[in-house]
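Visitor: Provide a 3D model corresponding to the input given below.
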Amino acid sequence: MKQARILSVVRRWYYGRSGALEPLHLYFTKPLQDLGCEVTTFDHFAISARFGKDRATAMLLDLLARGEFSLMLYQSAGIHEPIDTGALRGIAGKTCTMCWNSDDDWQWENWTSQLTRDFSYVVTTYRKVFETARQIHSNVLLSQWACYEKLGGPAAVQDIAFSFVGGAYRHRNGECRYLSNAAGLRVFGRGSRLVRLGLPFFRGVFHIPFLAGEALSFEQTNAVWARSRVSFTPLRGAHPGVNGGLQIKGRVFEMGNTGTLMLCDQNPALEEFYEPGKEFVAYHDLVDCAEKAKFFTFHEDARRKIALRYRERTLRDHLWRYRMQALLKVAGIRAAESVSAGAAAIC
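Guide: Next up, the predicted model:
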């Protein structure tokens with residue numbers, strides 16, 4: 001079988017900060033390679049920042065014309081795309097193009113929906129967006145975040161009782177400071193030093209790394225999750241969005257292979273993927289979160305049972321190679337290395 005050639009148009013560095021890999025750069029390369037695909041990457045953010053939008057667009061079009069790619073996966077920026085996506089309309093007849101969007105809950109109506117004109121398919125991770133948009137746009141697909149299992153499994157020793165790893169920005173700074181005092185939460189990543197110092201978040205602080213704290217690598221992030229018996233998992237975005245700003249965050253699946261217990265906002269949308277009380281624990285407010293964190297850090301048998309079922313469900317249904325194989329199928333591409341896709345990999 002001829003090896004499928006994939007072009008992943010994706011940012012390499014997380015928010016442009018070298019040293020911290022953008023999650024989608026990993027997810028749009030390694031799982032596809034595991035399926036036997038040849039993957040080329042194009043960092044449209046960095047190239048546009050260096051050469052300008054017009055030059056970046058021309059460079060991408062030239063690469064597509066020369067590359068003989070079966071599929072282009074494109075990471076959307078949101079409101080301001082780094083290239084002129086309208087220039088891609090003529091490519092759709094030669095190469096299947098898929099645009100992946102992660103914040104559609106608040107961007108779809110005014111922005112993301114317009115991208116349906118420019119790509120063969122537009123992928124959303126929000127079922128409500130999909131069900132509404134599909135009535136108008138036949139090229140909208142539903143997929144979801146997932147876990148890349150090769151990052152590693154559970155740690156031998158879980159020496160952190162309760163943790164959060166990620167960006168402690170805006171309202172999350174206050175949440176983390178409260179849980180630090182009430183339940184011993186340990187915070188890692190950007191904004192972590194502010195929390196440890198008991199200082200509120202302020203605009204521009206992430207440009208002062210010695211005060212805010214640096215973003216962690218994937219390996220470091222997974223190591224913290226694996227060492228943590230309970231992981232604080234806020235599901236509210238920085239933007240109020242719809243449904244109170246509740247989202248399905250990538251971390252919901254990313255940490256599923258690490259052996260930690262997910263303690264998260266109560267979000268009915270999450271119940272499509274995991275069973276509450278059996279595969280994760282939800283909290284109603286921060287007081288409830290603190291109480292449940294303390295309970296599960298002191299009741300290891302109960303914690304371990306939920307964490308084990310969470311890991312088993314993740315490995316069975318929510319791996320990136322399952323999601324990617326489903327996307328390849330839509331694009332008419334048969335993966336060289338076939339896998340038994342998890343449940344509801346894509347609609």
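Visitor: helix, strand, or coil at residue 136?
Guide: coil (DSSP: H, G, I helix; E, B strand; the rest coil).
Visitor: measure it to residue 116 for me?
Guide: 8 Å (Cβ to Cβ, to the nearest Å). C-betas here are computed from N, CA, C, even on glycine.
Visitor: which of the two has more neighbours?
Guide: residue 116 (17 against 9; other Cβ atoms under 10 Å).
Visitor: chain neighbours aside, what residue packs nearest to that one?
Guide: residue 137 (4.4 Å; Cβ to Cβ, 6 or more residues apart in numbering).
Visitor: could I get the contacting residues of that neighbour?
Guide: Counting by Cβ atoms under 8 Å, 6 or more residues apart in numbering, residue 137 makes contact with 113, 116, 122.
Visitor: what is the burial count for the closest residue to the first one other than its chain neighbours?
Guide: The spatially closest residue to residue 113, leaving aside those adjacent along the chain, is residue 133, at 6.5 Å (Cβ to Cβ, 6+ apart). Counted with other Cβ under 10 Å, the neighbours of residue 133 add up to 22.
Visitor: what pairs with residue 164 across the strands?
Guide: On the basis of DSSP bridges, residue 164 is bridged to residue 187.
Visitor: and the pLDDT at it?
Guide: At residue 164, the pLDDT value in this model is 97.
Visitor: tell me the strands in the stretch 151-300 of the chain, going along the chain?
Guide: Along the stretch 151-300 of the chain, counting by DSSP state E, counting those that start in this stretch, strands occupy 160-165, 186-188, 228-233, 261-265, 281-283.
Visitor: tally of neighbours for the nearest residue to residue 198 once chain neighbours are set aside?
Guide: Distances taken as Cβ to Cβ, 6+ apart put residue 177 closest to residue 198, at 6.3 Å, once the chain neighbours are dropped. By the criterion of other Cβ under 10 Å, residue 177 has 21 neighbours.
Visitor: same check on residue 126?
Guide: Applying other Cβ under 10 Å, I find that residue 126 has 24 neighbouring residues.
Visitor: that one: what's it in contact with?
Guide: Counting by Cβ under 8 Å, 6+ apart, residue 126 has contacts 104-105, 108, 248, 269.
Visitor: sort these by pLDDT and name the bottom one.
Guide: residue 104 (70).
Visitor: in this protein, where is pLDDT below threshold?
Guide: Along the chain, the parts satisfying pLDDT under 70 run over 1-2, 15-19, 92, 238-243, 337-347.
Visitor: quick check: the residue positioned nearest the centre of the chain vs residue 221, distance?
Guide: The centroid of the chain falls nearest to residue 250 when counting by Cα atoms, centre = their mean (3.2 Å). Look at residue 250 and residue 221: by Cβ to Cβ, they are 11 Å apart.
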